[in-house]
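Q: Predicted model, plus sequence, below.
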Amino acid sequence: MIASLAMGGYGAYVWTAVAVFFIVLLIDTLAPLARRRRNLRDIRARIARQENRRRPGTPASNEPNA
Amino acid sequence: MANWVPLWLHRLGSPPTFYRFAGSVYPWALGLAILLGGVALYGGLFVAPADYQQGDAYRIIFIHVPSAWMSLFIYGVMTLAAFIGLVWRIKLAETVAMESAPVGAAFTAITLATGSLWGKPMWGTWWTWDARLTSELVLLFIYLGIVGLYHAFEDRRQGARAACFLVLVGAVNVPIVHFSVNWWNTLHQGATIRLLGPSHIAASMVWPLLTMMAATKLYYIASLFARVRADLIASEGGKAWVRDLALGPAGGGKA
Amino acid sequence: MRPAASPLLEARALSFFRQDEPVFGPVDFALHGGEIALVEGDNGSGKTTLMRVLTGMLRAGEGEVLLDGATFSLDTMAGAVVFLGHQLGLKFDLSARENLAVSAGLYGMRDGITIDTALADVGLAGFEDEPAGRLSAGQKKRAALARLLLLPARVWLLDEPYANLDREGIALVNRLLHEHAVRGGAALVTSHGAVTFAGDEPRRIRLHA
Amino acid sequence: MRPAASPLLEARALSFFRQDEPVFGPVDFALHGGEIALVEGDNGSGKTTLMRVLTGMLRAGEGEVLLDGATFSLDTMAGAVVFLGHQLGLKFDLSARENLAVSAGLYGMRDGITIDTALADVGLAGFEDEPAGRLSAGQKKRAALARLLLLPARVWLLDEPYANLDREGIALVNRLLHEHAVRGGAALVTSHGAVTFAGDEPRRIRLHA
Amino acid sequence: MTPGSTPAACAALLRRDLTLAWRRRGDIAMPVLYAVIVVTLFPFALGPDAALLERIAGGVVFVTVLLAMLLSLDGLFRPDIDDGSMEQLMLAPQPLALLVGMKILAHWLTAALPLIVIAPVLAGMLHLPGPPMAVLVLALGLSTPLLSLLGAVLVALTAGTKRSGMLLALMLLPLCVPVVIFAAGAVAAAQDGLPWIAPIAWLGAGLVLSVVLAPLACAAALRIAMES
Amino acid sequence: MTPGSTPAACAALLRRDLTLAWRRRGDIAMPVLYAVIVVTLFPFALGPDAALLERIAGGVVFVTVLLAMLLSLDGLFRPDIDDGSMEQLMLAPQPLALLVGMKILAHWLTAALPLIVIAPVLAGMLHLPGPPMAVLVLALGLSTPLLSLLGAVLVALTAGTKRSGMLLALMLLPLCVPVVIFAAGAVAAAQDGLPWIAPIAWLGAGLVLSVVLAPLACAAALRIAMES
Ligand code: HEM
Ligand SMILES: Nc1ncnc2c1ncn2[C@@H]1O[C@H](COP(=O)(O)OP(=O)(O)OP(=O)(O)O)[C@@H](O)[C@H]1O
Ligand SMILES: Nc1ncnc2c1ncn2[C@@H]1O[C@H](COP(=O)(O)OP(=O)(O)OP(=O)(O)O)[C@@H](O)[C@H]1O
Ligand SMILES: [Mg+2]
Ligand SMILES: [Mg+2]
């Protein structure tokens, strides 16, 4: 087993290649999932803001002053 | 061209439909990709015999070659999607083209890295400026240029259209990568592996390679679908179905 | 309110030359705390130029500018004056809230006010997190007006604050000016005279082309 | 004046969407030769956006724009419309006269007018050779207004032509619009409603945010 | 030429761009000076070994010319878009591709031509001998318009974005690779006394193709860019 | 940190600039990509001869990093001047030199640091061996802040003009010559197995001097530039 892991002296190259493969694809897999979650959060925030715009000036509104 | 193309695409192209469709395909594609990839790597790294010339270093082939194929295959898909998107103004096609680019860039990067890792023991250098290596590097730049252009725009749709344009312009590079070994005399080896005809290498080397090829294709489908789903949510943000999704009990959860 | 012994902002025989031609003639005025003056003049009469001279950005040709009785210079007096020019100084990639946070970090903040109340006060409630670049021309102007509310500076120099605003926005500027005067601040406002200045009848300074 | 059978400029159920949210609701209007319409709306109500959709620069979300009864597109109808936006399209390194010469070369020139008379007409006599960059904000606007006088286009789209102008400048815009209407042209003018539109009582189109 | 006719419009636009360039003639000199200075940096960075410099002369001159043109490309459409002139061009009664072609021509005349003139001097500073020099000038004469045209398409694509300079470099350089290979290859062949016609012919063919296609592509890209 | 105090102001400005860079993180990647692509062009232009490439590796990497930083320098003050933020900085109660120093720091962090990280890869592609590589990184670590500081002064001087990119390049490049000579010299010395400490020490001295003086000069230059 150890011998086959060592890859006849080329283990460093082969295993680095395997690691590169997995790391790059792992990032590539996680990125869209995180992005989807963030997008949904943004949309919730936007909806909340639009609600806020419909009922404007809840705090600190002394408009009739002008 | 026939107008069944837009018709058919419009049906599948309805964003909520596609969103659900992609959501149901995604776990299967990803799961199968992982399974096949594991089998292929096991076969390639432990079962297949060492090469009589290269020793065990050749085992990088099981990553390098499928990734290299994907880097070109994905660009082909993008070109097609970009063309459809520009001609028929189909949003989903634009999205597919744009969301393929990062996956293609990832595979191109893997090809470059594993090629280097292979080149050091075989050629004694990490890098040479031979035609195939360089054209592959140029391919990476093109992918990055597309991603960069897409994100440089405030308006996503506009960015997608501009970047689709660039996809078509950059497509000339793909045949150069593929045929460079025939056109110029290079260090990089030519097509030694024939899928159909008699190949120079043992069957125990060929099957892991083919399995890995299938695994990367499936992975591409999975990653593309996940990306398109994320993109649809952003670009359809104002539509009711996305609002329902966002405000839904599990915040979207599984589709 | 401080004793109005020395005026907050004073100009003495101030003029500015471009290639030896005067852009505006000698201007004299003194603004005490609580006073607001309107600089009027036709297109090209030198209103913008006067403002830039008053901030110290352009070097006065003749005459001098006094702040609190002392000669004004960028190094010694900075922070006492806040300037709103044709260019609003908003970063389009930052949200309205972030833009104001930067200003507050640089200039400090008036007591008893927060960024969010300032934004709500100018009618941008609900737009706090919107990148400034996505606001319309008038909304951008309002975000810049919120800076005035927030910062502790006692002298306001406003170059055409009414431009691009709708009726409600103009009323808003007038209210801000009024409140500023009540707090003991002074303000100099330019306008090309096409909008009716709806506040208390202000001092007027006319420039001629 | 031509028979007013088909209107010069017509919008049918026109709307525009940004990220699937309507910027302005469905707008309908028809402008015949000799008519002038004022588009009013508060800050952010979509006036500028409407203008850009009408020029064909932005693609309408829904509805359509007709010019002389035919669907408008940049390729087929170009030249019939002249647009004055927030950005005036003046090259700051060229003089006012040179700027107008370029426009005339591109669009052609109305009969019986020269560049110099057009400039004199907008009050820039004596400034013909001044590089446009050295003019004040209002003078630049006037130079851009001279383009309107010069070019033969029958449809004018003017986005906030009153901004930055003094009283006399506003009267000038109104006079230009009046003369254009008399010649049988049509014009669409936006304004945030803070300036009184002093011409003949025009048609009004209101946008709501 | 009646005002408003197609020739008049082209002439007006060309005259405008050339006048603007002349008013800022300092800016015309800039790419040239930039190239001079970049080329000068190499002997400092590499040491004054004449054989080495001669060996790299052709390549360094090409890369430098390319970078200098790249810097000036950013100003091709951006000012017109920022000050509203582009809207006027699009609404004008002439085909946009033609007008855009005029702008590209003006750009080549003001940005590339001076570089071609100065290139022999630069190559001389790096000890390039006479005969390959002629090939260098010829190669530049064919490759700079090619770069102007290709660059214009890409710069039009980025015109709708805020900051485009770097992005442009990223997008343009892959497309330049073949141009650089052929052009520098021709010079290298001439230096080694080999035939250099073939790469030059390729450049010529590419140029003909892009003279026809690039303005059209450019106009289409600008339409996309203005939709914001 | 009470708002308005000097540390608060510095922090606010630094945070602002870093946030802006982050919002446009594509732009941070750009100088890196630009450098990668420029370095890539050389083998195309010169042919893939490994010995030749190794010989010029250090010099090419320095020139490239310099050019990449140059491109990003243009955006140091220009956006602030154009949108009116600079006026606010000048009227703020803090010394302008300090605020400008913060802006330069932010610029170095976003524009130069990524270049230093990528430089070994670039040098590797040109076959530079390991030990000189360490010297290369060290030299870059000292010379890039120097370039940022010198560049900032010049960019402030040109800020009053309309188009400054090229002008800046022109003015900066002569100033860079000594930096390039020392930095590339150190790498060349390391490549030949000679002592390389002396040039590195000179770079360090230059850096210390300019950290003190450049922000002051920069603030003065900006004052002049705004008077237009
Ligand atoms: C950075 C270095 C390298 C890069 C960028 C690279 C790139 C590529 C690409 C793009 C392909 C796919 C070509 C196509 O399908 O048309 C490929 C295939 C291949 N590469 Fe590499 N490669 C590199 C190094 C190496 C090394 C060092 C070896 C072995 C000594 C190698 C062996 C192969 C083999 C056997 C194939 C399959 C050929 C075929 O059947 O078409 N590569 N490589
Ligand atoms: N940068 C400059 N260089 C030379 N002259 C200038 C410059 N800026 C303005 N001028 C000239 O100075 C005069 C005053 O300009 P200024 O911008 O101060 O006018 P203004 O009163 O603000 O006008 P407006 O109401 O149109 O904004 C004008 O005649 C103008 O032509
Ligand atoms: N580039 C953009 N991206 C996203 N949203 C935008 C963009 N430009 C404008 N908007 C939004 O579209 C709406 C309409 O903007 P528009 O500029 O058309 O308003 P307007 O009526 O011209 O206002 P004003 O009187 O202030 O100029 C605003 O709410 C604004 O926030
Ligand atoms: Mg003014
Ligand atoms: Mg508007």
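A: Received it, and whenever you're ready, just let me know what you need. Ligands and ions are numbered 1, 2, ... in the order given.
Q: going forward, measure contacts between C-alpha atoms and count neighbours the same way
A: OK.
Q: Can I take it that residue E:76 is in a strand?
A: No - assigned with DSSP: H, G, I helix; E, B strand; the rest coil, residue E:76 falls outside any strand and is coil.
Q: how many other residues sit next to it?
A: Using other C-alpha atoms under 10 Å in any protein chain shown, residue E:76 is surrounded by 21 other residues.
Q: ok, now which ones touch it?
A: Applying C-alpha atoms under 8 Å, 6 or more residues apart in numbering or on different chains to residue E:76 gives the contacts E:103-104, E:107, E:152, E:155.
Q: which residues touch the closest residue to chain B within chain A?
A: Residue nearest to chain B within chain A: residue A:36 (4.3 Å; C-alpha to the nearest C-alpha). Counting by C-alpha under 8 Å, 6+ apart, residue A:36 makes contact with B:229-231, B:233.
Q: Tell me which entries of the residues you listed lie within helices.
A: Using DSSP state H, the subset of those located in helices is B:229-231, B:233.
Q: Determine which two of those are furthest apart.
A: The span of the ones in helices among the contacts of residue A:36, defined through C-alpha to C-alpha, is set by B:229 and B:233 at 6.4 Å.
Q: how near is residue B:79 to chain E?
A: 17 Å (C-alpha to the nearest C-alpha, to the nearest Å).
Q: same check, this time on residue B:242
A: 24 Å.
Q: burial of that residue, as a residue count?
A: Neighbourhood size, residue B:242 [other C-alpha under 10 Å]: 22.
Q: Report the contact partners of it.
A: Each residue near residue B:242 by C-alpha under 8 Å, 6+ apart is listed here: B:233, B:236.
Q: ok, back up a step: double-check that the residue of chain A closest to chain B belongs to a strand.
A: No - according to three-state DSSP, residue A:36 belongs to no strand; its state is helix.
Q: And the pLDDT at residue C:199?
A: We have a pLDDT of 54 for residue C:199.
Q: now do residue C:111
A: pLDDT recorded at residue C:111 is 85.
Q: Count the neighbours of it for me.
A: 9.
Q: Please name the residues that touch it.
A: With contact set as C-alpha under 8 Å, 6+ apart, residue C:111 has no partners.
Q: redo that, cut-off 10 Å
A: Applying C-alpha atoms under 10 Å, 6 or more residues apart in numbering or on different chains to residue C:111 gives the contacts C:150-152.
Q: before we move on, what about residue E:151?
A: Residue E:151 makes contacts with E:69-70, E:73-74, E:76, E:104, E:145, E:157, E:168-169, E:171-173, E:175-176, E:214, E:218, as judged by C-alpha under 10 Å, 6+ apart.
Q: Buried ones among those?
A: E:69-70, E:73-74, E:76, E:104, E:145, E:157, E:168-169, E:171-173, E:175-176, E:214, E:218 (16 or more other C-alpha atoms under 10 Å in any protein chain shown).
Q: Closest approach to ligand 2 from chain B, which residue is it?
A: With C-alpha to the nearest ligand atom, the shortest gap between chain B and ligand 2 falls at residue B:154, namely 30.8 Å.
Q: Not counting its neighbours along the chain, what's nearest that residue?
A: Nearest in space to residue B:154, with sequence neighbours left out and distances taken as C-alpha to C-alpha, 6 or more residues apart in numbering or on different chains, is residue E:161 at 7.3 Å.
Q: For the most centrally placed residue in chain E, which non-adjacent residue is spatially closest?
A: Note on chain E: the residue nearest the mean C-alpha position is residue E:148, at 3.7 Å, using C-alpha atoms, centre = their mean. In space, residue E:148 comes closest to residue E:108 once its chain neighbours are excluded; the distance is 6.3 Å by C-alpha to C-alpha, 6+ apart.
Q: Kindly report the same for residue B:75.
A: Counting by C-alpha to C-alpha, 6+ apart, the nearest residue to residue B:75 once its immediate chain neighbours are dropped is residue B:104, at 6.8 Å.
Q: The one you found should be in a helix, yeah?
A: Yes - according to three-state DSSP, residue B:104 belongs to a helix.
Q: Next, count neighbours for residue 28.
A: As the question left the chain open, I've gone with chain A. Close neighbours of residue A:28, defined as other C-alpha under 10 Å, add up to 19.
Q: meant chain E actually
A: Neighbours of residue E:28 using other C-alpha under 10 Å come to 22.
Q: Distance check, residue E:181 against residue E:189.
A: As judged by C-alpha to C-alpha, to the nearest Å, residue E:181 and residue E:189 stand 11 Å apart.
Q: Now for the two: what residues contact both?
A: Common contact partners of residue E:181 and residue E:189 (C-alpha under 10 Å, 6+ apart): residue E:199.
Q: who's more crowded, those two?
A: In this view residue E:181 and residue E:189 are compared by other C-alpha under 10 Å, and residue E:181 has more residues nearby, 21 against 17.
Q: What is the distance between the helix or strand containing that one and the centre of its chain?
A: Assigned by DSSP states H and E, residue E:181 belongs to helix E:165-191. In terms of C-alpha atoms, centre = their mean, to the nearest Å, the centre of helix E:165-191 is set 11 Å apart from its chain centre.
Q: How about it and chain B, touching?
A: Yes - contact between helix E:165-191 and chain B, assessed by C-alpha under 10 Å from any C-alpha of the partner chain, occurs at E:167-175, E:177.
Q: name the helices or strands packed onto that helix?
A: Counting contacts by 3 or more C-alpha pairs under 10 Å, 6 or more residues apart in numbering or on different chains; DSSP states H and E, helix E:165-191 is packed against helix B:131-152, helix B:156-170, helix E:50-73, helix E:130-158, helix E:197-226, helix F:25-46, helix F:50-73.
Q: least reliable of those helices going by mean pLDDT?
A: helix F:25-46 (a mean of 81).
Q: near chain C at all, that one?
A: No - on the criterion C-alpha under 10 Å from any C-alpha, helix F:25-46 is out of touch with chain C, staying 11.7 Å away.
Q: That helix near chain A at all?
A: No - for a cut-off given as C-alpha under 10 Å from any C-alpha, helix F:25-46 has no contacts with chain A; the smallest distance is 15.7 Å.
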